[in-house]
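Trainee: take a look and give me a structure for this.
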Amino acid sequence: MTGCQQDKRARLTYGTLVEETAEEIVYGTLASKVARKESLLVAVYQDGLPCGCWATFHDVINQYVKEYNTKVYYIASSQFSDDADKFGLTILRETSDPTFALFKEGKKVNEYIYGKDTKPMFQTLSGLRKAVSRIAKDPQYFYVDQEYLDKAIFTEKKDVVVHYFWHFCPDCNDCFPEVMLPYSNKNDFSRNVWIINLAIPGLLIDPETGTMNKNYQGYVDFLNEHNMSYSEENEPFGYDRGFVPTTQIWQNGKIKDMSVYFNDGVEKVDGKYVITRSYYSEERIQHLGYTNQVLQGKVLPAEEVDVSVNQETGVESYSWKMDYARLYHKPILEAFFNKYVK
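Mentor: Below you'll find the model as predicted:
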């Protein structure tokens, strides 16, 4: 008798369809990725020490990004002070040999050192691919930019699932690690998911002032053109002014379905806390293909509501606490993924 062996390789978190080189990061970025329990490939090089082996390996990891659309990161050893958390990495000080490690869900699980381990992975693309394939699975979330996305959905009319976010948005920074990341770790996708950061100059960031501006015309136009904001032309999927995080599926140049995570409005009505605005209204769910959950009109217990007071006017405002809202929004987004991605 033979038994099935469970594939315990790490599912790499991020791929890219628009970058062709590995990304250099600083200590804080690595710490954040570890805290978010990402799975990633990271090389450590010894800056200040000339090394032909690092020059060769740097070229190899750049080739890997371009060939396999996988994010690979590298960081200088000088980023790690003597008393800093090394996250399990071997930080060499007196040799110029590079190292290469895999983090699985925030924990270092594999590490290779140039002077000690097999060298083909440090010298050739095929050697690196063979080594990585033994310990990790390719990513299922892929970064794109507007040019790449618009060509795919409007010109080539490809079948695309896309997730829109801001890199500093609290709702987005709950959605990805709490819902999307564990979902990818547990499931093999039938189609990959593209992700696009809208908090960039020309969209959310006014290029003249360098500041966030939700009313910047380029951003308003993007939300309208991508069916995120409400208009008669964007019925039934467009929602209010357009929010992130939003996930959509496009087919044949038209939006087929859409999901919005969080972004519910709460008001106090007759002494009760009520969700008065939600993407999941009685009217809209008639057009959604993945859920029948209605949130608009839901009465919330007081313990689920954050109350803030404007110090100048004394006016109260209300919001649904994330830990409670997630109990509803997580299964809704997972239902979207179950239908269109799994």
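Trainee: what bits of the stretch 1-150 of the chain have low per-residue confidence?
Mentor: 1-5, 117-118 (pLDDT under 70).
Trainee: change it to 50
Mentor: Across the stretch 1-150 of the chain, the ranges flagged by pLDDT under 50 are 1-3.
Trainee: what of the stretch 201-342 of the chain?
Mentor: In the stretch 201-342 of the chain (pLDDT under 50), no residue qualifies.
Trainee: mind redoing it with 90?
Mentor: 311 (pLDDT under 90).
Trainee: how about the helices in it?
Mentor: 217-225, 322-340 (DSSP state H, counting those that start in this stretch).
Trainee: how about residues contacting the first one?
Mentor: By CB atoms under 8 Å, 6 or more residues apart in numbering, the list of residues contacting helix 217-225 from outside reads 146, 198, 202-204, 213, 228-229, 231, 234, 238, 241-242. All C-beta atoms are positioned from the backbone trio N, CA, C, and that covers glycine.
Trainee: list the buried ones in that helix?
Mentor: By neighbour count with 16 or more other CB atoms under 10 Å, helix 217-225 contains the buried residues 218, 219, 220, 222, 223, 224.
Trainee: dump the residues you listed into CSV; add distance to residue 272 as well.
Mentor: Below are the buried residues of helix 217-225 laid out as CSV (distance: CB to CB, whole Å):
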residue, distance to residue 272
218, 40
219, 35
220, 34
222, 37
223, 32
224, 35
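Trainee: of the residues you listed, closest to residue 300?
Mentor: Distance to residue 300 across the buried residues of helix 217-225 (CB to CB) is lowest for residue 223, with 27.7 Å.
Trainee: how much space between the closest one and residue 207?
Mentor: Going from residue 223 to residue 207 by CB to CB, to the nearest Å gives 17 Å.
Trainee: next: residue 122.
Mentor: Noted for residue 122: a distance of 41 Å to residue 207, by CB to CB.
Trainee: same check, this time on residue 286
Mentor: For residue 286, the distance to residue 207 equals 40 Å [CB to CB].
Trainee: so which of these two has more stuff around it?
Mentor: residue 207 (12 against 9; other CB atoms under 10 Å).
Trainee: quick one, phi psi at that one?
Mentor: phi -70, psi -20 (degrees, to the nearest 10).
Trainee: not counting sequence-adjacent ones, nearest residue to it?
Mentor: residue 201 (4.2 Å; CB to CB, 6 or more residues apart in numbering).
Trainee: so that neighbour makes contact with residue 211?
Mentor: No. Contact criterion CB atoms under 8 Å: residue 201 and residue 211 do not qualify, at 10.3 Å.
Trainee: more neighbours, these two?
Mentor: Neighbours per residue, other CB under 10 Å: of residue 201 and residue 211, the larger number sits with residue 201, 13 against 9.
Trainee: distance check, that one against residue 108.
Mentor: 35 Å.
Trainee: to what extent is residue 212 buried, counted in neighbours?
Mentor: Counted by other CB under 10 Å, the residues lying close to residue 212 total 13.
Trainee: once you drop chain neighbours, what's closest to residue 280?
Mentor: residue 295 (4.2 Å).
Trainee: I'd say that neighbour and residue 277 touch.
Mentor: No. If you go by CB under 8 Å, residue 295 and residue 277 don't touch, sitting 9.5 Å apart.
Trainee: of the two, which one has the most company?
Mentor: Higher neighbour count among residue 295 and residue 277: residue 295, with 19 against 15, using other CB under 10 Å.
Trainee: for that one, give me its contacts.
Mentor: 264, 275, 278, 279, 280, 281, 328.
Trainee: ok, residue 301 - how many residues close by?
Mentor: Residue 301 has 9 nearby residues by other CB under 10 Å.
Trainee: now do it against residue 263, distance only.
Mentor: When distance is defined by CB to CB, residue 301 is 20 Å away from residue 263.
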